[in-house]
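A.B. asks: When you get a sec, could you give me coordinates for this:
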Amino acid sequence: MRSLAYKGSLEFDDGADTALLVAHLAECLRRAGAASVSAAHASVSFRGGLFRVTPWHMLIAFDRGELIVDESTHEVRYRVSVQHLVIAATVMLTYVGALAWSEMKHSLVVPFFIVFGWLWLVGANLLVAIPRFKDFLRKAVDSAPVGR
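C.D. replies: Predicted coordinates:
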């Protein structure tokens, strides 16, 4: 999942228990509609994606993700893959571009529309999805039960 992924981190309070935080994050993802949520020692993995969640869902741009709770730095590091979004947009626009290229008698306008369409489909989805995911994760971390 190293390629075509977005990464970041959030801090959490010193008083938070790692095991409780991991379980809470997994439960929040389940409630949000993520598929194949699994929690391990200090991490949570999940699936989202184009065909796993409803339209306008915050996970639609991400086909899978991983949250790692680092107790030593008091951070939740996350990595979400956008591979399916990029591949789907590329395949779709390649097909449309090939049809338009032959119909429009090899007009040079077609490549510009393909590039614009790809930037719109991928870029606009990520401009919406990334802040929504960060906000969701911040709320999930802030609402985690405090242990110890």
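
A.B. asks: Following the longest helix seen in the chain in sequence, what is the next regular element?
C.D. replies: Secondary structure assigned by DSSP state H gives helix 83-103 as the longest helix of the chain. Using DSSP states H and E, the helix or strand that follows helix 83-103 in sequence is helix 109-118.

A.B. asks: Name the residues that touch that following helix?
C.D. replies: Here helix 109-118 makes contact (C-beta atoms under 8 Å, 6 or more residues apart in numbering) with A89, T90, L93, T94, V96, G97, A100, W101, M104. For glycine as for every other residue, the C-beta is placed from the backbone atoms N, C-alpha and C.

A.B. asks: Count residues in the vicinity of the closest residue to the second one other than its chain neighbours, would you?
C.D. replies: Excluding the flanking residues, the one nearest T90 by C-beta to C-beta, 6 or more residues apart in numbering is W118, at 6.8 Å. The burial metric for W118, expressed as a neighbour count using other C-beta atoms under 10 Å, is 17.

A.B. asks: residue with max distance from the center of the chain?
C.D. replies: Computed with C-alpha atoms, centre = their mean, the residue of the chain farthest from its C-alpha average is K105, at 38.7 Å.

A.B. asks: Roughly how far does that one sit from G117?
C.D. replies: 20 Å (C-beta to C-beta, to the nearest Å).

A.B. asks: Could I get the full set of helices for the protein?
C.D. replies: 18-31, 83-103, 109-118, 125-142.

A.B. asks: and the most centrally placed residue in the chain, what does it touch?
C.D. replies: Ranked by distance to the mean C-alpha position of the chain (C-alpha atoms, centre = their mean), the top residue is F62 at 3.2 Å. F62 is in contact with Y6, G48, G49, V80, S81, V82, L85, A129, F133, counting by C-beta under 8 Å, 6+ apart.

A.B. asks: close enough to count as contact, the third one and G65?
C.D. replies: No: with contact taken as C-beta atoms under 8 Å, G49 and G65 are classed as non-touching, separated by 10.0 Å.

A.B. asks: between those two, who's got more neighbours?
C.D. replies: Between G49 and G65, G65 has the larger neighbour count (other C-beta under 10 Å), namely 25 against 22.
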